[in-house]
Structures are given as structure tokens and as C-alpha cells.
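Colleague: Generate coordinates for the sequence data below:
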Amino acid sequence: MVKLYRETCHTVDEVNTLTESLRRQSKEYTIVHANDLTTVIWAEMPLVDDEETFHFTLVDEADDAEVTGTVSTDNNLGLAIQLDGFGTADNPSGGSIVFLERYEGKTSVLVYADNSKDEPTHVINLEGAQIEENNMVKK
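Modeller: Numbers count the residues shown, from 1 in each chain. The predicted model follows:
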């Protein structure tokens, strides 16, 4: 999905600051002049095969023990959580043990709590937690 952004600048300094920021991020942009205003337009399109990874540390406050891991976007199919020292049947030395996905109209959490099994040990349908448009809890 392509996202278009535009920002109207009132001064040359605003234009320079914005375009310099876009250049540092290697983003292409177009400048449109109309009357006394300048508009900068740019687009962003995440790649389908782009996987972003975020590292985290869980700390047990009772004994200061730590577990590290990552959350990744898993090629835009869902969010995958991997914990160092935990594995799955298809990847015993690592692998995603928790997966958040949207599949066949349902948002679910899949948990792989037994690394000897190929299939998830728990599938949690999140439909009951969905909030309707009027912000009331769905019943």
C-alpha cells in the first residue's frame, strides 16, 4: 500500500528543513509552488518482503532474570515473537513461538508452547475483544 504525504510550508526555512530530513531518509519528493505557499509531496511504500525486527528484553522483577527476544513483521503477514533460548519443531534453536495474524476474517494469536509439535498448542481468537465503531465492547 502506498501512502502519500504532503506538507504545506510557509517559509523557505520550513521547506529546507523538511526536504533535508527527507534527503537524509533517502526519500524522493516533489515540490509544488502555488501563490505564496510551497507544498512538499512524498510517498512511502513498504516492500512486501520487507521485514522489520524490534529487539526487547523481559526482566523478572523478583530475581532480575532476563529473557531477550525479537518482534518482527514477518513479511507483512503478522507479528512474530521469538524468545532467545526457546524454539519450535521446525526451528529448535529459535523460531517464533507466538504469532499474531489476521486470517480468513479472524484476528488470532497462535502459541507454539511445545517445541515437539508442528502445530500451535493454543489458538486464541480475539473476536471477543473487538470493539465496535461506537467504542462499546462487542457482545
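Colleague: S116 is in contact with D90, isn't it?
Modeller: No: if you go by CB atoms under 8 Å, S116 and D90 don't touch, sitting 11.2 Å apart. (Each C-beta comes from the backbone N, C-alpha and C, glycine too.)
Colleague: Can you pick out the residue with more neighbours from the two?
Modeller: Neighbours were counted for S116 and for D90 using other CB atoms under 10 Å; D90 has more, 10 against 7.
Colleague: Find the nearest non-adjacent residue to the more buried one, please.
Modeller: Distances taken as CB to CB, 6 or more residues apart in numbering place D118 nearest to D90, at 6.7 Å, with adjacent residues excluded.
Colleague: Please apply the same query to L77.
Modeller: E101 (6.6 Å).
Colleague: next SSE after the host helix or strand of that neighbour?
Modeller: Assessed by DSSP states H and E, E101 sits inside strand 98-103. Going down the chain from strand 98-103, the next helix or strand is strand 106-111, by DSSP H and E.
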